[in-house]
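coords please:
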Amino acid sequence: MLKNMKYRKTILTTNVLSRNPWIRIIFLLVGICLLTYVGILRGGDAANADMSYLYSAGVAWSKGLSPYGSNNFVDIIRPLLKGRAVEELIFAYPPWSAPLCMALTIFPFAQATIMMKIISLVSFAITSFFCIQLANSPKKISGENVETGAWYFIPALLAMATPTSTTLWLGQTSLIISAALLGTFYYSQRNKWLLSGVLLAIAAMKPQLSILVILWFILERRWKILGSMMISLLIFSIIPIHISGITNVFSDWLNVIHQYKSTTLNTEQGGTYVFTLRNLLFFLGINVPNLIPLGLLFTVLIWIKKVEFMNEDILPILLIISILCGTSHIYDLVILSPVVSSFYSHLQGKKIIMSLVCMAIISAPSRYLNGSHFLAIRISLLILVLGYLVLMSRHKATIVRTRLSSYAPNVP
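Numbering: from 1, shown residues only. Below is the predicted model of the structure:
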């Protein structure tokens, strides 16, 4: 009895806080200020470093040159990244990244950095919007009242997450990928296959983060979406194909991938900023092959049991598996934003606070929590999050199915 009273008091306190307009506004403003200060205004040698690769590749393609494995690319990027070793000056994005790269070259580099931050901020807003839709969707399905706190707290929480500000600071594409993946799932459920396919092609700029989503649509036999994606990829790759030829451009890119994975920052075995289960096992003295096949297997198992899950939780589950089994960096954790939506929609009171603290530890700044011990803690927590999300989703799905069946007419 006493335990139930304490639990109800916690829920009541949480609801009062979440519905207080001033607390909502203050929380959102704190998130925006942190994102602005750490992600946009922050300087240093690494500021816009990753965007430099995109810009230099765009310059190369604009001049009719290939950015893959050539001295031409090194000559173009060297003035922008003078402190980096030559072996790290590698452009590893696929040919279909050309439209983004060439769009950046419309402006001088200084103005292009601003353009990239604007694109990332728009992607952040789109990510927040889709996450809010995911958070509220289970309540709409089950007939519960949808409260408006998600419109304030979810953007604030995403803005406070370290990977979000790091992506903005480096000029990375992870926010773009996050928005595209969320949009792909959102519009696929509304039968807008053309838009969903185009967004999936954009997300494929990082194949290691989108491969499981692509597999999911293959298992679902969503051929229109996949066809739209393939046509979009070819259209996006027209200029690189014209410059190098369709065979050479893809073989050159694959060769560069091998070089990219062997560099200090990007190796899956001992890499400082590589956030994968394989990297953790390496630190523990266990050398295993690439774990992408394991991720594919997990995806197939989830698909077989999909009726037991809430549809809104499928994407968060796939993205966690992608992070664990694929090749991801610490800033790529920004694609886990739908996990926050799942916690927000399924949990209440102390549980949601504990879950968000857990996510904060997983995505904490690498420069302060670096090394194999912290990597073990983070990945162990992420595995627990995956297991907890699976249990929550199946439990919620059972409740919703029971509630919906009670409204069904009796069949004689």
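
Just the pLDDT for the nearest residue to Thr327 once chain neighbours are set aside.
Nearest non-adjacent residue to Thr327, counting by C-beta to C-beta, 6 or more residues apart in numbering: Gln208, 4.5 Å away. All C-beta atoms are positioned from the backbone trio N, CA, C, and that covers glycine. Looking at Gln208, its pLDDT reads 92.

and the one helix or strand Gln208 maps to, what does it pack onto?
Element membership for Gln208 (DSSP states H and E) is helix 207-219. Judged by 3 or more C-beta pairs under 8 Å, 6 or more residues apart in numbering; DSSP states H and E, helix 207-219 is in contact with helix 174-188, helix 193-203, helix 223-236, helix 292-304, helix 314-325.

Point out where the stretch 1-150 of the chain drops to low pLDDT.
Along the stretch 1-150 of the chain, segments meeting pLDDT under 70 span 1-20, 138-148.

where do the helices sit along it?
2-19, 21-34, 49-62, 71-77, 98-104, 109-142, 150-160 (DSSP state H, counting those that start in this stretch).

still on that earlier bit, format the helices and strands packed on helix 207-219 as TSV; extra columns: distance to Arg378, mean pLDDT and mean neighbour count.
Listed next are the helices and strands packed on helix 207-219 as TSV, based on distance: least, C-beta to C-beta, whole Å; pLDDT from 0 to 100; neighbours: other C-beta atoms under 10 Å:
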stretch	distance to Arg378	mean pLDDT	mean neighbour count
helix 174-188	17	97	25
helix 193-203	24	97	23
helix 223-236	32	98	17
helix 292-304	18	96	16
helix 314-325	10	96	24
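
before we move on, back to that, which parts of the helix holding Gln208 are buried?
By 16 or more other C-beta atoms under 10 Å, the buried positions in helix 207-219 come out as 208-217.

Also stretch 29-38?
Across stretch 29-38, burial judged by 16+ other C-beta under 10 Å covers 31, 34-35, 38.

Let me have those residues in a markdown table, extended by distance to Thr127.
Shown next, in a markdown table, are the buried residues of stretch 29-38 (distance: C-beta to C-beta, whole Å):
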| residue | distance to Thr127 |
| --- | --- |
| Gly31 | 13 |
| Leu34 | 16 |
| Leu35 | 12 |
| Val38 | 17 |
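
Gly227: which of those is nearest?
Looking at the buried residues of stretch 29-38 and their distance to Gly227, the nearest is Leu35, at 37.2 Å (C-beta to C-beta).

Not counting sequence-adjacent ones, nearest residue to the closest one?
Spatially, and ignoring its direct neighbours in sequence, Leu35 is nearest to Ala159 (4.2 Å; C-beta to C-beta, 6+ apart).

where's that neighbour relative to Leu168, distance?
Distance of Ala159 to Leu168, computed by C-beta to C-beta, to the nearest Å: 10 Å.

And for Tyr152?
Distance from Tyr152 to Leu168, counting by C-beta to C-beta: 21 Å.

Give me the more crowded residue out of those two.
Applying other C-beta atoms under 10 Å to Tyr152 and Leu168 shows that Leu168 carries more neighbours, namely 28 against 20.

isn't that one right up against Val122?
No - in this structure, Leu168 is not within contact of Val122 by C-beta atoms under 8 Å, at 11.6 Å.

What count of nearby residues applies to Leu81?
Other residues near Leu81 number 19, with proximity taken as other C-beta under 10 Å.

wait, it sits on Val74?
No - the pair Leu81 / Val74 is not scored as a contact, 10.0 Å apart, by C-beta under 8 Å.

between those two, what contacts are shared?
Leu89 (C-beta atoms under 8 Å, 6 or more residues apart in numbering).

Tell me the gap between stretch 261-279 and the middle of its chain.
Offset of stretch 261-279 from its chain centre (C-alpha atoms, centre = their mean, to the nearest Å): 18 Å.

how about that stretch: buried residues?
261, 266-268, 271, 273-279.

In the residues you listed, which has the lowest confidence score?
Minimum pLDDT across these is recorded for Gly271, with 70.

Can you tell me the SS state at it?
Using DSSP: H, G, I helix; E, B strand; the rest coil, the structure places Gly271 in coil.

contacting residues for it?
264-265, 279.

so of the residues you listed, which ones are in helices?
If you go by DSSP state H, those have Asn279 in helices.

Need the contacts of Gly271 in TSV (columns: distance to Leu54).
Below are the contacts of Gly271 laid out as TSV (distance: C-beta to C-beta, whole Å):
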residue	distance to Leu54
Thr264	21
Leu265	17
Asn279	25
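
so which of the contacts of Gly271 would you say is closest to Ile118?
Using C-beta to C-beta, those come closest to Ile118 at Leu265, 26.5 Å.

from what I can see that closest one touches Ile90, true?
No - judged on C-beta under 8 Å, Leu265 makes no contact with Ile90 at a distance of 10.6 Å.

Arg190 versus the residue nearest to Gln189 when sequence neighbours are not counted, what's the distance?
Counting by C-beta to C-beta, 6+ apart, Asn311 is the residue found nearest to Gln189 once chain neighbours are left out, at 7.2 Å. Asn311 sits 12 Å away from Arg190, going by C-beta to C-beta.

Give me the phi and psi for the residue nearest to His346 when sequence neighbours are not counted.
Nearest residue to His346 in three dimensions, chain neighbours excluded: Met392, at 4.5 Å (C-beta to C-beta, 6+ apart). The phi/psi pair for Met392 (degrees, to the nearest 10) reads phi -60, psi -40.

Met392 reaches Ser345, doesn't it?
No - assessed by C-beta under 8 Å, Met392 is found out of contact with Ser345, at 9.2 Å.

re earlier: ranking the helices of the stretch 1-150 of the chain by burial, who's on top?
helix 49-62 (a mean of 23; mean count of other C-beta atoms under 10 Å).

other SSEs contacting that one?
For helix 49-62, the elements it packs on are helix 71-77, helix 98-104, helix 109-142, helix 162-170, helix 238-244, judged by 3+ C-beta pairs under 8 Å, 6+ apart.

which other residues reach the second one?
Going back to what we said before, that points to helix 98-104. Residues outside helix 98-104 that contact it (C-beta under 8 Å, 6+ apart): 51, 54-55, 57-58, 61-62, 93, 112, 115-116, 173, 176, 205, 236-240.
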